[in-house]
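*Asks:* next come a sequence and a model predicted from it.
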Protein chains: 2
Amino acid sequence: MFLSTFHNRIDKKARVSVPSAFRLALAGEAFQGVVLFRSYRHEALEGCGLVRMQQLSQRLDQLAAFSDEQEQLATSIFADAEALSFDSEGRVTLSDRLRAHAGLEEEAVFVGQGATFQIWQPKLFEQHLAKARERAKAQKLSLAGINLPGLNPSTAG
Amino acid sequence: MFLSTFHNRIDKKARVSVPSAFRLALAGEAFQGVVLFRSYRHEALEGCGLVRMQQLSQRLDQLAAFSDEQEQLATSIFADAEALSFDSEGRVTLSDRLRAHAGLEEEAVFVGQGATFQIWQPKLFEQHLAKARERAKAQKLSLAGINLPGLNPSTAG
DNA sequence: TGGTAATCTATGGGATAGCATGGGAATGGG
DNA sequence: CCCATTCCCATGCTATCCCATAGATTACCA
């Protein structure tokens, strides 16, 4: 599981430490590294382990229940994705293409999303988070019967 | 289950003992620690075990991969949550971010909420409790038809 | 029943290991 | 032969581990 947010530096060689908590979440996988691709919705990167990408691939193969749009989306993700392995210190090197898309220069914010994570340029993430929080608060999040204290007003005691 | 209220000190290293009763409630889980996040509704922290978060993550993941709502919810919930493991004495270290949100300095009040718990700054909790009691009194709240001696005035002999 | 010993919880502080970070050396493809 | 990437080592900081103490409660035994 990817939880919390971490704030790391990108050095002159475009290397950045993947937070140890995230590395721990991937410790069981054969491929020691992360898969990164450009978010189609945000000026940010999406990331996960290789295992998840494989599962996604299988689901696409077996199920034809996806819409054309979704299939296209998935295809573009696979085409865009890069598998980056950890160096001995737990860092990965970001390509120019990835950095350009997310506006990454000297700092990166790693954002846990449960099964996946995102990488943001600090200022952009600040804006994004403010918006997300506001909307979440306004909408009384009640998706799929999810009931979380502090999110659903109805659970007040 | 998290029951009762406990009053513990926060030391200079921002460590605080999680009440042994709460640790006992989490004894069966693989991850020995707690997940904390900032409450939306209060100037306080919400807490639970990692298992609860994983269940949430799975439900969210199955629901609608790549949907806007899914992503927004994931950001609101998981980006803010921190998984803090117990040290050998059953303490956790609070981050600056968590402490700032709840106004925590030297003391913390752990408040059982059943499936979850809260952490409050003592004075703020006192105020919160007073308000909650007042409201309950005014509305003569009953728990959805549940008749519990000592809670429902009407049952008094 | 009373008194003492043992245990557990909460707390504090010092030592140590791990993490994030930076720079140089070796490697290999163009 | 040059440039870019990867590997390896050094460093400061912080978090974690480990030990010590005190108070309270519980267990035990006479």
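*Replies:* That came in fine, so what should we check first?
*Asks:* can you name the residues of chain A that neighbour DNA strand D?
*Replies:* When proximity is defined as C-beta under 7 Å from any atom of the strand, chain A approaches DNA strand D at A:13, A:87-89, A:93. All C-beta atoms are positioned from the backbone trio N, CA, C, and that covers glycine.
*Asks:* export the lowest-mean-pLDDT helix or strand in chain A to PDB, keeping only CA atoms.
*Replies:* The weakest-scoring helix or strand in chain A, judged by mean pLDDT, DSSP states H and E, is helix A:68-80 (a mean of 79). C-alpha atoms of helix A:68-80 as PDB (Å, rounded to 0.1, in the frame of the first residue of the first chain):
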ATOM      1  CA  ASP A  68     -13.100   1.600 -26.800                       C
ATOM      2  CA  GLU A  69     -12.100   4.600 -24.800                       C
ATOM      3  CA  GLN A  70     -10.800   2.600 -21.900                       C
ATOM      4  CA  GLU A  71      -8.900   0.200 -24.200                       C
ATOM      5  CA  GLN A  72      -7.300   3.100 -26.000                       C
ATOM      6  CA  LEU A  73      -6.400   4.600 -22.700                       C
ATOM      7  CA  ALA A  74      -4.800   1.400 -21.400                       C
ATOM      8  CA  THR A  75      -2.900   1.000 -24.700                       C
ATOM      9  CA  SER A  76      -1.500   4.500 -24.400                       C
ATOM     10  CA  ILE A  77      -0.500   3.900 -20.800                       C
ATOM     11  CA  PHE A  78       1.500   0.800 -21.700                       C
ATOM     12  CA  ALA A  79       3.200   2.500 -24.500                       C
ATOM     13  CA  ASP A  80       4.200   5.400 -22.300                       C
END
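*Asks:* in the following helix or strand past that helix, which residues are buried?
*Replies:* Next helix or strand after helix A:68-80 toward the C-terminus (DSSP states H and E): strand A:82-85. Within strand A:82-85, the residues scored as buried using 16 or more other C-beta atoms under 10 Å in any protein chain shown are A:82, A:84.
*Asks:* do stretch A:10-18 as well
*Replies:* Buried, per 16+ other C-beta under 10 Å, within stretch A:10-18: A:10, A:14, A:16-18.
*Asks:* same deal with stretch A:115-126?
*Replies:* For stretch A:115-126, by 16+ other C-beta under 10 Å, it's A:115-121, A:124-125.
*Asks:* contacting residues around stretch A:99-110?
*Replies:* A:5-10, A:14, A:16, A:18-19, A:22, A:38-39, A:43-45, A:94, A:98, A:117-122, A:124-125 (C-beta atoms under 8 Å, 6 or more residues apart in numbering or on different chains).
*Asks:* export only the CA atoms of it, formatted as PDB.
*Replies:* Only the C-alpha atoms of stretch A:99-110 are listed here, as PDB (Å, rounded to 0.1, in the frame of the first residue of the first chain):
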ATOM      1  CA  ARG A  99      10.200  15.300 -16.000                       C
ATOM      2  CA  ALA A 100       8.900  17.600 -18.800                       C
ATOM      3  CA  HIS A 101       5.300  16.300 -18.500                       C
ATOM      4  CA  ALA A 102       5.200  16.900 -14.700                       C
ATOM      5  CA  GLY A 103       7.200  20.100 -14.600                       C
ATOM      6  CA  LEU A 104       9.700  18.400 -12.300                       C
ATOM      7  CA  GLU A 105      13.000  20.200 -11.700                       C
ATOM      8  CA  GLU A 106      14.600  20.100  -8.300                       C
ATOM      9  CA  GLU A 107      11.900  18.600  -6.000                       C
ATOM     10  CA  ALA A 108       9.300  15.900  -6.300                       C
ATOM     11  CA  VAL A 109       6.400  15.000  -4.100                       C
ATOM     12  CA  PHE A 110       5.400  11.400  -3.900                       C
END
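*Asks:* quick one: it near DNA strand C?
*Replies:* No. Residues of stretch A:99-110 are not located near DNA strand C by C-beta under 7 Å from any atom of the strand, the shortest gap being 7.7 Å.
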